[in-house]
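Peer 1: Sequence first, predicted coordinates after that:
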Amino acid sequence: MALMTYAQAAVLAVRKEMEADPRVVVLGEDVGRGGIFGQYLGLQGQFGAERVIDTPISEAAIMGAGVGMALAGLRPVVEMRVVDFALCGMDEIVNQAAKNRYMFGGQGRVPLVARMCNGIWDASAAQHSQSLEAWFAHLPGVVVVCPSTPQDNYSLLRASMACGDPVIYMEHKTLWGLSGEVDPEVKIPLVKAQTLRKGGDLTLVSWSRQVAICEQACRELAQVGIEVDLIDLRTIWPWDREAVLASCGRTGHLLVVHEAVQAAGFGAELAATAAEETGCRVRRLGAPRIPVGYAPMLEAQSRIDADAVVKAAKGLVENRNLEKVHA
Amino acid sequence: MALMTYAQAAVLAVRKEMEADPRVVVLGEDVGRGGIFGQYLGLQGQFGAERVIDTPISEAAIMGAGVGMALAGLRPVVEMRVVDFALCGMDEIVNQAAKNRYMFGGQGRVPLVARMCNGIWDASAAQHSQSLEAWFAHLPGVVVVCPSTPQDNYSLLRASMACGDPVIYMEHKTLWGLSGEVDPEVKIPLVKAQTLRKGGDLTLVSWSRQVAICEQACRELAQVGIEVDLIDLRTIWPWDREAVLASCGRTGHLLVVHEAVQAAGFGAELAATAAEETGCRVRRLGAPRIPVGYAPMLEAQSRIDADAVVKAAKGLVENRNLEKVHA
Amino acid sequence: MEEKRETLLALYRTMVRIRAFEDAAEAASQGGVSAYGKAADGSAKVRGPLHLSTGQEAVAAGVCAHLEPTDYLTSTHRGHGHTLAKGADLARMMAELFGKATGFNGGKGGSMHIADFSVGMLGANGVVAAGMPIAVGAAHAQKLQRRPGLTACFFGDGAINRGPFLESLNWAKVFQLPVLFVCEDNRWSATTASGPMTAGEGASARAAGFDIPSFTVDGNDVLAVHEAAGELVGRIRDGRGPHLLHAVTYRLKGHVSVDPAGYRDPAELAEALKDDPISRARAVCAAIGGEGADLSVLDAIAREATEEVRAAVAAADAAPWPQTSAAFTDVQTTGEGQWR
Amino acid sequence: MEEKRETLLALYRTMVRIRAFEDAAEAASQGGVSAYGKAADGSAKVRGPLHLSTGQEAVAAGVCAHLEPTDYLTSTHRGHGHTLAKGADLARMMAELFGKATGFNGGKGGSMHIADFSVGMLGANGVVAAGMPIAVGAAHAQKLQRRPGLTACFFGDGAINRGPFLESLNWAKVFQLPVLFVCEDNRWSATTASGPMTAGEGASARAAGFDIPSFTVDGNDVLAVHEAAGELVGRIRDGRGPHLLHAVTYRLKGHVSVDPAGYRDPAELAEALKDDPISRARAVCAAIGGEGADLSVLDAIAREATEEVRAAVAAADAAPWPQTSAAFTDVQTTGEGQWR
Ligand SMILES: Cc1ncc(C[n+]2csc(CCOP(=O)(O)OP(=O)(O)O)c2C)c(N)n1
Ligand SMILES: Cc1ncc(C[n+]2csc(CCOP(=O)(O)OP(=O)(O)O)c2C)c(N)n1
Ligand SMILES: [Mg+2]
Ligand SMILES: [Mg+2]
């Protein structure tokens, strides 16, 4: 056990995998200096510039070369800097990485982890603040991971690098400095959600940076007697149906909260599935469908704070949304 | 009124807008020859190569130049050939076209229609068969349209070209030859769904090529006494909440059927919203989360036929899905 | 002289096998795709868009003659020739076009995804220029792993206008990778002539901006292609980094097999038909003299190819379809079974 | 001589206004971004990534001196200099950096989206090379509409490794558009030196592959930039199609304002500081002689700039924040109000 940041946990995960397996390489812009978030700090020094590869500003080639490397027997960690720039390598992700194994009938595999951090980057406005996990959940052939703590980042990054599938690995742009205990021996399997609180009134599902905000909301809700099953989904696809649906069956109420735009966000998938499978009451809370603004009070309109979570939870448990509509 | 194909209806729509407004231009690969689906047939002859612009194979530049043209006062129709290739211009769509007006504080607008046909293209396999309307529904700043008939294609394309917003206009790859009556005087506003059948048992929402399949299913359902409100959503975002939710309120059951992958598809948004707002029972039917295969029986696994719709509808109305889970 | 004749016969054999394959695939594809104003009528055995390399055989043959199984190759939507020339089994290729379980991809990919990873052929691609970054990645792996081998990266003259062309050339040079870029310049991009869409002199000229040595060759002269490719492959194997071969040829058919290509000047086609690489190879063979001079050797080779293809078509036709359950395999391992 | 002095004074004025703006923005940005191991402490008035063009003023000044309001300009993440030089109001720019309602974008964009459409400045861009296709589109519109004017397209030396660089150059040449491409080569791409990531000789050499005439200039010599840009702009206005100016300069600051750039050799910086374009302009002015020789004229201009910036900072600080409701305007007209 050691106290480390979310970024340091990631460095440790990559280091361990690189030590264990010479096929692992890292490629991306500025990775030699440690990456702009320190998420590769020290790795080039240890493993050399051949394995920790500084690349030109060429997102399509970074992603596409990652695919080629994987087909040729390497296990690349492909750095996209932020999910917003991954859009510059979208054909390579969607049409090449995700579909390769299938369309070539299993002749090859693409064991590759594409890191593209997600979320609102403080005061960085519309082009640096997107959360696109729902897009990749919709894309056959990829795993999608959104870790919320240093321990999860360590363990899930290792699990992702080991799984043999193309993984869209979405750290959060503003969690890099978050400190926490990390036990390097702890393994966390992909697909396993974590239940952070137990309570019978409401199932609250969230992930990434939003989890901590939900935890705060749960404490406030507890004070007014609403006890919450709080679930950190961790892996977005495939998601832990068992944990979520079992909880929904118990509580009869599901609230999903995410930083991404609510419209067609991944919360819709969870809410729809829960409604289909358990008939429970559902509600989602995500950002309004607006680009993220620069000025603090504009940017704030795209954030879901604990108050909003508390309000939505109360409304759901007290069945207010249905009343409203039926009135 | 005249009988014409879905492709001819589109040509007519573009022709009328080009005749009425010299700012309208068309740009994309092979548009001079009429486009590979005949969707621009005759336009270069009428308007010249300056307004119907054959371009290099440069999706990023086609889309990006469209943005620049729009900012400089033109009203471009940007041809992406199929949605699968639009992935090569994704930064230009997402970070440039969609966000421009917002992030520059309304200094400019991007009145542009990006045509990128959607859906399974027969026997064309994984890279030519995607349906990505859910992605664009999740993207603030754009309108998303999926016409299902020649008349809709005519009227909605004109409405899209007139609306002043960036529009993701998704025709269907295999509807081009579909014939139907088109009245050039008919205006169909964006956002307005069309109710194709009235019935009290079930609300069935669909769009694009899937609508005709749902119509067939409705006929079969009628024979076993299940009467369906069949709604062709037409505009995916913004969607016609009033029509859909009012129907759900009446029938108490919503089934959404789409050709796209079900997981995190737009059906999830509709189902989740209906469950939130009306508490009705919901169910979705979309493709499994697999790439589309080439051989006919593999490809067929990604299609939703009328039988599947009938089965899902019956299950929903008879509440079988809930029974199953609660058993 | 004897050596040249041997080389030529081997190249000729590759070319006629490609030609026979394309002819048979073309015949089997009629009625299989809705485009160019025609609707699919379901009668075809080969369905979907079929991009024929008819007329371009000399490029595939001349380049791939220098490749080993340890070398990789990435291709385009027009990839049959490259795949055959790289050593893939012809019958399994045809089975893939027929969508059968015995095809290389088990019927999952079809023509646009023809591939044989076992001989280093990493795939055709339905997206223009998309094979290029994959090629440089494969070559990057070869270099890092100190493995022998290079990667041959084929692309069309239209592909040089897509961004990945630039990113791949730059990448290959920056990392000094063993890549042979091959621009198969057939002068058309779908239904649009490439010339007016292309600034400058094309692939070769652009390569210069990246300090990538290049060579322009008559792509219908199979010996010339063979010689030029041999020189460049040799340099690459010597560790001298990426090189580019710009091979000028012609697409004798439409963009896809059902495209009558009515948009192009018949005179242009007539001219091109006179320049058929296979006829030219026959003429050269005759000129060399010796045993092949009476052309009966060539005829025998051609007959053999036709026969091989005929058998492949019959086998493909008779082969089993994939199980429907195969639609659900090889998607991803994590969460296998979670399809909705 | 008199004319040269006048030109130089005007260019000097543009440069010192940019420098003063950057210095003030830099000061106001400390503590405003979490990166490079530091966390945002909330104390900054200018928040988020701030990319300073300090040291690169001569390029913006020299090029934009030839532009009219009917000309368009697209810029990069490092766009303050271009925006000021294109004639945008300095105070409204500063207000935008402060996120205030009085800023050009009403506080919605900040530094990375600085723009003044009213003077043809179509925006900075947070995505490397993304302004390039937009520029060619704007120029395409100018040509089609037979309007006077050209489009100046600025980009960095790192941007030439992204696909849109190629697609834009090709496009501009194919359609013979009035575009001036300006590569502002500051030798760095974020924390990575551009040289080892770039195959060939860079922007100018690549332009040749597209038959786009180009010119390489000492980007810290404002008169040289001015002269070269004047020549190229003249040719473009004469209808001779796109041209490229490759201006070699240096990024005196870190990648963003809070980046100490500890990764670069101090000697390299020391060398570059001696080559400061503003100092060099002063020296040239002194050498020309005449009224400016005693430098007091220049000092007055610099003082004026500092004063203008001081006032702009004060005004920005005092200006109102945007209403929260503004977060919901200018998204899209169709379906306005349907936010969830
Ligand atoms: C990114 C992308 N854009 C468009 C297409 C459609 N398309 C398929 S082949 C082709 C022409 C390609 O021309 P070229 O590269 O010269 O290859 P050729 O067909 O001549 O062999 C086009 C435009 C595509 N497959 N991918
Ligand atoms: C597509 C994309 N990739 C990466 C980045 C991150 N990034 C911002 S600026 C920059 C360096 C750009 O270098 P250059 O083009 O030379 O411009 P300079 O910063 O030197 O002015 C990088 C990598 C980005 N904004 N967009
Ligand atoms: Mg071609
Ligand atoms: Mg630079």
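Peer 2: Received, thanks. Ligands and ions are numbered 1, 2, ... in the order given.

Peer 1: Let's check: the centremost residue of chain A is which one?
Peer 2: With distances taken as Cα atoms, centre = their mean, the residue of chain A nearest its centroid is A:Cys146 (1.7 Å).

Peer 1: how about the helices in the chain?
Peer 2: All of this refers to chain A. A:6-20, A:43-47, A:59-71, A:83-86, A:90-91, A:100-103, A:133-137, A:150-162, A:210-223, A:241-251, A:266-278, A:296-299, A:306-317, A:320-326 (DSSP state H).

Peer 1: Sorry, I should have been clearer: chain C.
Peer 2: Ranges of helices in chain C, per DSSP H, are C:2-29, C:57-64, C:80-85, C:90-97, C:131-144, C:163-174, C:203-208, C:222-237, C:266-274, C:277-288, C:296-318.

Peer 1: Skipping adjacent residues, who's closest to residue 252 in space?
Peer 2: Picking chain A for this. A:Cys280 (5.0 Å; Cβ to Cβ, 6 or more residues apart in numbering or on different chains). C-beta coordinates here come from the backbone N, C-alpha and C atoms, glycine included.

Peer 1: please go with chain C instead
Peer 2: Using Cβ to Cβ, 6+ apart, the nearest residue to C:Leu252 is C:Gly55, at 3.2 Å.

Peer 1: repeat for A:Ala61
Peer 2: A:Ala61 sits nearest to C:Glu167 (Cβ to Cβ, 6+ apart), 3.6 Å away.

Peer 1: Pick out the shakiest of the helices of chain A, pLDDT-wise.
Peer 2: Mean pLDDT is lowest for helix A:320-326 among the helices of chain A, at a mean of 45.

Peer 1: where's the residue lying closest to A:Thr195 once chain neighbours are set aside relative to A:Ala134, distance?
Peer 2: Sequence neighbours aside, A:Ile231 is the residue nearest to A:Thr195 in space, at 5.4 Å (criterion: Cβ to Cβ, 6+ apart). Remark: distance between A:Ile231 and A:Ala134 (Cβ to Cβ, to the nearest Å) = 18 Å.

Peer 1: ok, the two, which is more surrounded?
Peer 2: A:Ala134 (31 against 26; other Cβ atoms under 10 Å in any protein chain shown).

Peer 1: looking at it, the more buried one is touching A:Leu270, isn't it?
Peer 2: No - using Cβ atoms under 8 Å, A:Ala134 is not in contact with A:Leu270; the gap is 10.5 Å.

Peer 1: quick one, domains of chain A?
Peer 2: With domains defined by automatic domain parsing, chain A comprises A:2-182, A:194-326.

Peer 1: nearest residue to the residue nearest the centre of chain C other than its sequence neighbours?
Peer 2: In chain C, the residue lying closest to the centroid (Cα atoms, centre = their mean) is C:His82, at 3.1 Å. The shortest distance from C:His82 to any non-neighbouring residue, by Cβ to Cβ, 6+ apart, is to C:Ser75 (4.4 Å).

Peer 1: Could you pull up the residues touching the one you found?
Peer 2: In this structure, C:Ser75 makes contact with C:His82, C:Thr83, C:Ile114, C:Met121, C:Gly123, C:Ala124, C:Asn125, C:Gly131, C:Phe154, judged by Cβ atoms under 8 Å, 6 or more residues apart in numbering or on different chains.

Peer 1: Relative to A:Arg33, which of the residues you listed is nearest.
Peer 2: C:Gly131 (31.3 Å; Cβ to Cβ).

Peer 1: Run a quick neighbour tally on the nearest residue to that closest one once chain neighbours are set aside.
Peer 2: Distance criterion Cβ to Cβ, 6+ apart; nearest residue to C:Gly131, sequence neighbours excluded, is C:Thr74 at 3.6 Å. Residues lying near C:Thr74 (other Cβ under 10 Å) number 33.

Peer 1: ok, now A:Lys187?
Peer 2: A:Lys187: 11 neighbours (other Cβ under 10 Å).

Peer 1: so what's residue 68 up against?
Peer 2: This is for chain A. So, once contact is read as Cβ under 8 Å, 6+ apart, A:Gly68 ends up touching C:Thr74, C:Leu122, C:Pro133, C:Ile134, C:Ala135, C:Val136, C:Gly137, C:Ala138, C:Ala139, C:His140, C:Ala141, C:Thr151.

Peer 1: meant chain C, my bad for not saying
Peer 2: C:Gly120, C:Pro148, C:Gly149.

Peer 1: and it, backbone torsions?
Peer 2: phi -100, psi 160 (degrees, to the nearest 10).

Peer 1: Excluding sequence neighbours, find me the nearest residue to A:Ser208.
Peer 2: The shortest distance from A:Ser208 to any non-neighbouring residue, by Cβ to Cβ, 6+ apart, is to A:Cys146 (4.3 Å).

Peer 1: pretty sure the one you found is touching A:Asp232, no?
Peer 2: No - look at A:Cys146 against A:Asp232 with Cβ under 8 Å: they stay out of range, at 9.1 Å.

Peer 1: Spit out the residues that contact the two alike.
Peer 2: A:Trp207.

Peer 1: Show the model's pLDDT score for the residue of chain C at minimum distance from ligand 3.
Peer 2: Per Cβ to the ion, C:Gly156 is where chain C lies closest to ligand 3, at 3.8 Å. On the pLDDT scale, C:Gly156 is placed at 98.

Peer 1: likewise C:Gly289?
Peer 2: C:Gly289 is given a pLDDT of 77.

Peer 1: give me every residue that touches residue 217.
Peer 2: Going with chain A. Counting by Cβ under 8 Å, 6+ apart, the residues that A:Ala217 touches are A:Leu204, A:Ala306, A:Asp307, A:Val309, A:Val310, A:Ala313.

Peer 1: Actually, chain C is the one I wanted.
Peer 2: By Cβ under 8 Å, 6+ apart, C:Val217 lies in contact with C:Ala224, C:Val225, C:Ala228, C:Leu245, C:His246, C:Ala247, C:Val248.
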